[in-house]
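Undergrad: Sharing a model prediction with you, sequence too.
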Amino acid sequence: MKNKLKSIVVTLSVGICFLSAVVVGAHGYEDVDFNFDFSALSFARYTASQRKDTESPAYAYVDYLSNGRECTFSVVYDDKSKSSYTERVYVDEADIWYCISSNVVEDKDPGCYVRLRGDRLGVGSMQLSGWWSADSYRCQ
């Protein structure tokens, strides 16, 4: 009886963990790679769209940034328009998590699609890469 109870508890625990992973992966908590390659004449770059289901900030991790370069991040709608509040986060270092707030879910509904926008600061070409997620569990 004791072994059967342990078996049930373990099976339920594994099932709950699996279900949690599926739900989290299905709702924008997925890290997606980005690579912004700014030419001398380009100023804004966008990622592919991600579904946003919560009012939490988006986050981006920068793993590479051209030496001495700077840009800003913001979260915009799929059509590249801004919400009623769109924070611009200053980016000047690699190996850092950046949390980006906006009112995209408040202005529309959960389930809207958003993009990460990068705006180059300064003159000349630059590269920036990393990963991002529309819904954040890192910025709570």
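TA: Perfect, I can see it now.

Undergrad: who touches the host helix or strand of residue 105?
TA: Element membership of residue 105 [criterion: DSSP states H and E] is helix 104-107. Helix 104-107 is contacted from outside by 52, 53, 54, 55, 75, 76, 77, 83, 84, 112, 114, using Cβ atoms under 8 Å, 6 or more residues apart in numbering. From N, CA and C alone the C-beta is placed, and that goes for glycine too.

Undergrad: Test of understanding: give the bridge partners of residue 35.
TA: residue 129 (DSSP bridges).

Undergrad: how many other residues sit next to it?
TA: 11 (other Cβ atoms under 10 Å).

Undergrad: What score does residue 8 have for pLDDT?
TA: pLDDT recorded at residue 8 is 51.

Undergrad: change the start of the numbering to 25 and stick with it
TA: Understood, numbering begins at 25; the last thing we discussed is residue 32.

Undergrad: Residue 104 touches residue 141, doesn't it?
TA: Yes - the pair residue 104 and residue 141 passes the contact test of Cβ atoms under 8 Å, sitting 7.3 Å apart.

Undergrad: Need the residues touching each of these two.
TA: In contact with both residue 104 and residue 141: residue 70, using Cβ under 8 Å, 6+ apart.
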